[in-house]
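Asks: Fold the following.
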Amino acid sequence: MQSEVVITRRGHVDIIADILRVTKEGARKTRIIFRAGLNNEQCEKYLSLMMRKGLIEAEKRGKHVLYRTSDKGSEFLRKYHVLREFLT
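Replies: Numbering: from 1, shown residues only. Next comes the predicted model:
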């Protein structure tokens, strides 16, 4: 009997939700890359988009930047979970 492996690609909304989860308590870009499973180019693209949309905030800490989920980002994440629950 063969086992079937199903590989699904994450959509943009899923990736944004992953980043919001990682940045809930604050995270540097390296942590976001590893925890959200992105490469540097993808991470830059999403962080830029999410900053423009007000989903995350950036705080300079010494030579590092700490990204944190904003109130608007937390609301997005809540609605995302409701939608995912509805669809499953």
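Asks: Assign residue 9 to helix, strand or coil.
Replies: Secondary structure, DSSP: H, G, I helix; E, B strand; the rest coil: residue 9 is coil.
Asks: What is the burial count for it?
Replies: 6 (other CB atoms under 10 Å). Heads up, the C-betas are built off the backbone N, CA and C, glycines and all.
Asks: what about the strands in this structure?
Replies: 56-61, 64-69 (DSSP state E).
Asks: So for residue 84, which of these sits nearest?
Replies: strand 64-69 (17.2 Å; CB to CB).
Asks: Low-confidence ranges, this structure, go.
Replies: 1-8 (pLDDT under 70).
Asks: Kindly recompute the last result at 80.
Replies: Residue ranges of the chain with pLDDT under 80: 1-9.
Asks: how close does the residue nearest the centre of it get to residue 85?
Replies: The centre of the chain sits closest to residue 19, judged by CA atoms, centre = their mean, with a distance of 1.3 Å. Using CB to CB, to the nearest Å, residue 19 is found at 20 Å from residue 85.
Asks: and if you look at residue 43?
Replies: In terms of CB to CB, residue 43 sits 27 Å off from residue 85.
Asks: And for residue 23?
Replies: 22 Å.
Asks: who has more neighbours, those two?
Replies: When neighbours are counted by other CB under 10 Å, residue 23 and residue 85 differ, and residue 23 comes out ahead with 26 against 8.
Asks: The more buried one: what's it in contact with?
Replies: 32, 56, 67, 68, 69, 73 (CB atoms under 8 Å, 6 or more residues apart in numbering).
Asks: Now with 10 Å, please.
Replies: By CB atoms under 10 Å, 6 or more residues apart in numbering, the contact list for residue 23 reads 31-32, 35-36, 47, 50, 55-58, 66-70, 73.
Asks: What count of nearby residues applies to the nearest residue to residue 35 once chain neighbours are set aside?
Replies: Here the nearest residue to residue 35 in space, its sequence neighbours aside, is residue 22; by CB to CB, 6 or more residues apart in numbering that works out to 4.4 Å. Neighbour count for residue 22, taken as other CB under 10 Å: 20.
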